[in-house]
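Asks: I would like the atomic coordinates for the input below:
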Amino acid sequence: MEKTNQQIFIGTDHAGFKLKEEIKLKLTELGYTLVDLSPNTPDPGDDYPSVAKKVTGEVLKNNARGILLCGSGNGICMAANKIKGIRAAVGYNTQSAKSARNDENTNILCLAGAILSPEYAVAIAKNFLDTPFSNEERHQKRIEELSQLEK
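Replies: Just a heads-up that it's a prediction; the model follows:
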């Protein structure tokens with residue numbers, strides 16, 4: 001991924017706030033351009049669906065990628081995948097993030113804010129951001145089949 005030209009939209013609910021701050025700092029230091037769509041402070045009353053809606057909207061509008069966090073990574077991933085045109089995957093390790101980009105052309109990475117260490121979360125995010133889609137015919141066919149499932 002071209003680090004200087006591509007914005008990465010990031011957002012979290014309260015459960016991923018601390019990890020999001022650490023990821024944002026490290027990825028920015030590494031040259032990525034992040035746009036944080038989270039509140040300025042964690043709010044225990046916030047809901048991950050509204051965060052997912054904000055980030056996915058910007059990802060689609062800008063043909064970009066995004067990173068979403070919640071406690072487990074699952075809830076926010078489910079919310080993101082409700083949006084037509086979004087292919088979100090939980091990055092539970094570095095290989096899963098790489099495969100999600102290479103095979104499924106995933107545009108949103110979801111991370112478990114309550115589980116992952118900052119160092120490992122950054123490694124997962126880097127794999128997601130640095131891996132291009134393979135453009136292999138078999139993967140393109142499967143993505144088209146996924147699109148047919150959208151309502």
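Asks: contacts, neighbours, all on C-alpha from now
Replies: Noted.
Asks: for this protein, what spans make up the strands?
Replies: In the chain, the strands defined using DSSP state E lie at 7-12, 33-36, 65-70, 88-90, 108-112.
Asks: can you list these in JSON lines and add distance to A125, mean pLDDT and mean neighbour count?
Replies: Putting these into JSON lines (distance: least, C-alpha to C-alpha, whole Å; pLDDT from 0 to 100; neighbours: other C-alpha atoms under 10 Å) gives the following:
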{"stretch": "strand 7-12", "distance to A125": "11", "mean pLDDT": "97", "mean neighbour count": "26"}
{"stretch": "strand 33-36", "distance to A125": "12", "mean pLDDT": "97", "mean neighbour count": "18"}
{"stretch": "strand 65-70", "distance to A125": "8", "mean pLDDT": "98", "mean neighbour count": "28"}
{"stretch": "strand 88-90", "distance to A125": "11", "mean pLDDT": "98", "mean neighbour count": "26"}
{"stretch": "strand 108-112", "distance to A125": "7", "mean pLDDT": "98", "mean neighbour count": "29"}
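Asks: Same list (those) but as TSV, adding distance to L129.
Replies: Output for the strands of the chain, formatted as TSV (distance: least, C-alpha to C-alpha, whole Å):
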stretch	distance to L129
strand 7-12	9
strand 33-36	11
strand 65-70	8
strand 88-90	13
strand 108-112	9
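Asks: For the closest residue to R65 other than its chain neighbours, give me phi and psi.
Replies: Leaving aside its chain neighbours, R65 sits nearest to N107 (4.7 Å; criterion: C-alpha to C-alpha, 6 or more residues apart in numbering). Main-chain torsions, N107, degrees, to the nearest 10: phi -110, psi 0.
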